[in-house]
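Q: Below is the structure, and that's it, no one-letter string:
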């Protein structure tokens, strides 16, 4: 006999890291700038993950680290960014502002450029936690667009209000004519 009161909820997410604007070449997934006027980097890197939990504390985030070669061929950080996974079911589009850490003095900036070792985070958890980031000097470095398709199960039964789907006008697949949802 199946239990009628669930003890956990499920969050299923699929989608893609779609594209970037304002960043240089990256090696997260190899791409180069488009030849049209947008000059966008297109990845279409897939996302497919399922979470099971009893409470929303520590809600999942996607942390992005984009690397690319500098003029000496060294792989350097081109941008960091993070976004929480949407909790309401439906299609979502998020544009994530990217940033790179900056040296605090001109001497450090020259030394890091000369040695090919620019400032970077050693642990990507720093991006998700935010603690200690307020003292880090950063520079904006473009945007990355993510698309999410979110499905939840048993969140309302556990007392969490996920609200209406936040589609931001993103068209989804349509049903063939003669079939109703």
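A: Here it is on my side, so go on. From a predicted model like this one, the values you see are computed outputs, not experimental measurements.

Q: Can you get me a residue count around residue 147?
A: Burial of residue 147, expressed as a neighbour count using other C-beta atoms under 10 Å, amounts to 17. Every C-beta, even on glycine, is put in place using the N, C-alpha and C of the backbone.

Q: now the helices for the chain?
A: Counting by DSSP state H, the chain has helices at residues 106-115, 125-129.

Q: so which of the ones you listed gets nearest residue 98?
A: Relative to residue 98, the nearest member of those by C-beta to C-beta is helix 125-129, separated by 10.7 Å.

Q: In that closest one, which residues are buried?
A: Within helix 125-129, the residues that count as buried by 16 or more other C-beta atoms under 10 Å are 126-128.

Q: out of these, which one sits closest to residue 9?
A: The shortest gap between residue 9 and any of the buried residues of helix 125-129 belongs to residue 128, at 20.8 Å (C-beta to C-beta).

Q: Report the contact partners of that closest one.
A: Contact analysis of residue 128 by C-beta atoms under 8 Å, 6 or more residues apart in numbering lists 61, 63, 82.

Q: got a winner among those for most neighbours?
A: So for the contacts of residue 128 (other C-beta under 10 Å), the most neighbours sit at residue 82, 18 neighbours.

Q: give me every residue that touches it.
A: With contacts defined as C-beta under 8 Å, 6+ apart, the neighbours of residue 82 are 61-64, 96, 127-128.

Q: Name the nearest residue to residue 42, ignoring sequence neighbours.
A: residue 19 (4.7 Å; C-beta to C-beta, 6 or more residues apart in numbering).

Q: Residue 96 versus the residue most central in space within the chain, what's the distance?
A: Closest to where the C-alpha atoms of the chain average out (C-alpha atoms, centre = their mean) is residue 62, at 4.3 Å. Distance check for residue 62 against residue 96: by C-beta to C-beta, to the nearest Å, it reads 8 Å.

Q: Now do the shared contacts for those two.
A: Shared contacts of residue 62 and residue 96, defined by C-beta under 8 Å, 6+ apart, comprise 82-83, 146.

Q: any idea which strand is longest in the chain?
A: For the chain, the longest strand by residue count, based on DSSP state E, is strand 138-153.

Q: who does that strand touch, helix- and strand-wise?
A: Taking 3 or more C-beta pairs under 8 Å, 6 or more residues apart in numbering; DSSP states H and E as the contact definition, the neighbouring helices and strands of strand 138-153 are strand 9-21, strand 61-69, strand 75-84, strand 90-101.
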